[in-house]
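# Kindly return the folded structure for what I paste below:
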Amino acid sequence: MPPLDAEALYAELRQGVRALLRPGGVLVGIWSGGAWLAERLQRDLGLAGAPGVISSTLHRDDFSERGLAAGTDPTQLPFAIDGRHIVLVDDVLYTGRTIRAVVNELFDFGRPASVQLAVLVDRGGRELPVAAAYAATRTELPAGQRLSLARDAAGRFHFAVEAEA
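Numbers count the residues shown, from 1 in each chain. Presented below is the predicted three-dimensional model:
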């Protein structure tokens, strides 16, 4: 797999999210990479307020094995969910399990008018019928590898490819 340019893909994602946002719509980033992206998108798109941050921890189907992850921020939604058009933002879409958990968490807070998913990278390998409304790129990784978004002190994004635990 050739190296992915996270900053170039972010520029693509910004355009895709701009097209998905409806009047009165809000961004909700999935902890952690998606939250970083949503925070920067909120600023770069000139949106008022803060984006929401949502955690998949409590609704994961492997919660009994994983428990609460250290450093996981709880869900923070600084706006009402009922009737809102939500754009969920994540860094990497893989099996779909995180998205399923996040949608369950989101509905614990209310009933949105719509939920669309925008991701930086769709790496395939779906185990659930989940699809992104927008993906900046699609790529495949060999089994046993994980693609992780990171950011430096200046807030610039880059990817790391790691062995899955």
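# is it true that Pro51 touches Leu21?
No. Counting by CB atoms under 8 Å, Pro51 sits too far from Leu21 to count as a contact (11.4 Å). The way it works is simple: take the backbone N, C-alpha and C, and place the C-beta from them, glycine included.
# Which one of those two is surrounded by more residues?
Shown here are Pro51 and Leu21; by other CB atoms under 10 Å, Pro51 has more neighbours (26 against 18).
# how about the helices in the chain?
6-20, 33-44, 63-66, 97-108 (DSSP state H).
# So which of those is the most surrounded?
helix 33-44 (a mean of 22; mean count of other CB atoms under 10 Å).
# neighbouring contacts of that helix?
The contact list for helix 33-44 (CB atoms under 8 Å, 6 or more residues apart in numbering) reads 10, 13-14, 17, 27-29, 47, 49-53, 73, 88-92, 120, 148-149, 151, 155, 157.
# Tell me the bridge partners for Ile30.
Counting by DSSP bridges, Ile30 is bridged to Ile54.
# what is in contact with Pro51 and Leu21 at once?
In contact with both Pro51 and Leu21: Leu27, using CB under 8 Å, 6+ apart.
# Now do Gly155: how many residues are near it, please.
Close neighbours of Gly155, defined as other CB under 10 Å, add up to 10.
# what does the model give it for pLDDT?
Turning to Gly155, the model gives it a pLDDT of 93.
# Could I get the contacting residues of it?
Listed by CB under 8 Å, 6+ apart, the contact set of Gly155 reads Arg40.
# 10 Å instead, please
When contacts are counted by CB atoms under 10 Å, 6 or more residues apart in numbering, Gly155 touches Trp36, Glu39, Arg40, Arg43.
# how close does the first one sit to Pro51?
From Trp36 across to Pro51, the span is 10 Å (CB to CB, to the nearest Å).
# which neighbours do the two share?
Looking at what touches both Trp36 and Pro51 (by CB under 10 Å, 6+ apart), the common residues are Gly29, Val89.
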